[in-house]
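S.K.: Pasting the sequence and the predicted model now:
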Amino acid sequence: MRIGMHVKIGQGLPEAVKSAVSYGCNTFQMFSRSPRGGKARPFTEEELNEFHRLVTENKIFPVIVHMPYILNLANPDEEMHKYAVRLILEDLERADQLQAQYLVLHVGSHRGTGEEIGLRQMVNGLAEIINNYAGQVTILLENTAGAGHELGYRFEHLAWIMERLKTDKVAVCFDTCHAFGAGYNLVTEEAVQKTLQDFDSVIGLHLLKVIHANDSAYPLGSKKDRHAHIGKGLIGPEGFRTLLHDQRLHEVPFILETPVDKEGDWVSNLKTLRSLAE
Ligand SMILES: [Zn+2]
Ligand SMILES: [Zn+2]
């Protein structure tokens, strides 16, 4: 079983690995730059070497990089759209330097232009990115809760984008809190099976590469994205137990993005997830 968490890189790359290892993780997710965007500091060869050494030594797999949240590839504004394309290409290069397997990207917001225009903008942007990228990293589109003008809250949105791209460089990251907010029930074993069935028939479970394991502070279909501690939110333990025991998801890493309200929250959420996996 691959279980990990989102780690901070403020103390440097080697410290990020050490932090994941200290929590007993065999996979982790990180930003490659400040999550608020801005210019990224180039990695030094020394820190990259140490990072790779620690990743190999501790058998970490996969390494997942997350794009800053502020980025909007579906933006109808051409300048902002171009900026997003440029930043994603830059982060793909950085993810390659880190020898990461995946770069997670939220499907953007159409900002009132309508869903189809927004989705087309996503396809155009991703096509340009793929045409200008020769590295090893796979882009994972993350489902959203569907707040405001957010796209990607329906599995059909993700499928629509991927069908038009016809590439193996794009797959999916499934966030449980976002799915629940978008109306995909995950509370009972039966509900999880139904949601996975939906995912499989619309997208295909072979394209599910990472799970963001987060409980939800808001109810089913609320369109709200507020993460809660595993088993303590409105999804509850049964849904996570079912996901963790599904044979089809056995190779899929589960990454926690749960809130840190007090010291020890990472430990307790990891403990809960591991005990539900038993
Ligand atoms: Zn997420
Ligand atoms: Zn979220």
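M.R.: Ah, there it is. Ligands and ions are numbered 1, 2, ... in the order given.

S.K.: H245: what's it in contact with?
M.R.: Neighbouring residues of H245 by CB atoms under 8 Å, 6 or more residues apart in numbering: A277. Backbone N, C-alpha and C define where each C-beta goes, glycine included.

S.K.: Residue of the stretch 1-150 of the chain closest to ligand 1, please.
M.R.: Nearest residue of the stretch 1-150 of the chain to ligand 1, counting by CB to the ion: E142, 5.6 Å away.

S.K.: Show me which residues of this protein sit near ligand 1.
M.R.: Residues of the chain lying close to ligand 1 (CB under 5 Å from the ion) are D175, H212, E257.

S.K.: Now pLDDT, neighbour count and secondary structure too, for those residues, in a markdown table please.
M.R.: Formatted as a markdown table, the residues of the chain next to ligand 1 follow (pLDDT from 0 to 100; neighbours: other CB atoms under 10 Å; DSSP: H, G, I helix; E, B strand; the rest coil):
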| residue | pLDDT | neighbour count | secondary structure |
| --- | --- | --- | --- |
| D175 | 98 | 26 | strand |
| H212 | 98 | 26 | strand |
| E257 | 98 | 16 | coil |
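
S.K.: sorry, back to before: distance-wise, check the residue of the stretch 1-150 of the chain closest to ligand 1 relative to A179.
M.R.: E142 sits 10 Å away from A179, going by CB to CB, to the nearest Å.

S.K.: Look at the two and report which has more neighbours.
M.R.: Higher neighbour count among E142 and A179: A179, with 26 against 19, using other CB atoms under 10 Å.

S.K.: Could you double-check that the more buried one sits in contact with T195?
M.R.: Yes. Counting by CB atoms under 8 Å, A179 does reach T195; the two are 6.7 Å apart.

S.K.: what's the overlap in contacts for these two?
M.R.: What both A179 and T195 touch, as defined by CB under 8 Å, 6+ apart, is the set L186.

S.K.: which residues of the stretch 1-150 of the chain fall in helices?
M.R.: Secondary structure of the stretch 1-150 of the chain (DSSP state H, counting those that start in this stretch): helices at 13-22, 45-57, 78-97, 115-131.

S.K.: Mean pLDDT added to these, as JSON lines?
M.R.: Shown next, in JSON lines, are those (pLDDT from 0 to 100):
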{"stretch": "helix 13-22", "mean pLDDT": "97"}
{"stretch": "helix 45-57", "mean pLDDT": "98"}
{"stretch": "helix 78-97", "mean pLDDT": "96"}
{"stretch": "helix 115-131", "mean pLDDT": "97"}
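
S.K.: Now for the one residue in the stretch 51-200 of the chain that gets nearest to ligand 1: which residues touch it?
M.R.: For the stretch 51-200 of the chain, the residue closest to ligand 1 is D175, as judged by CB to the ion, at 3.8 Å. The neighbours of D175, taking CB under 8 Å, 6+ apart as the test, are E142, N143, T144, I211, H212, N214, E257.

S.K.: any idea how far it is from F254?
M.R.: In terms of CB to CB, D175 sits 11 Å off from F254.

S.K.: so what pLDDT did K39 get?
M.R.: At K39 the predicted local distance difference test score is 84.

S.K.: Name the nearest residue to it, sequence neighbours excluded.
M.R.: Spatial nearest neighbour of K39, chain neighbours left out: R33 (8.0 Å); criterion: CB to CB, 6 or more residues apart in numbering.
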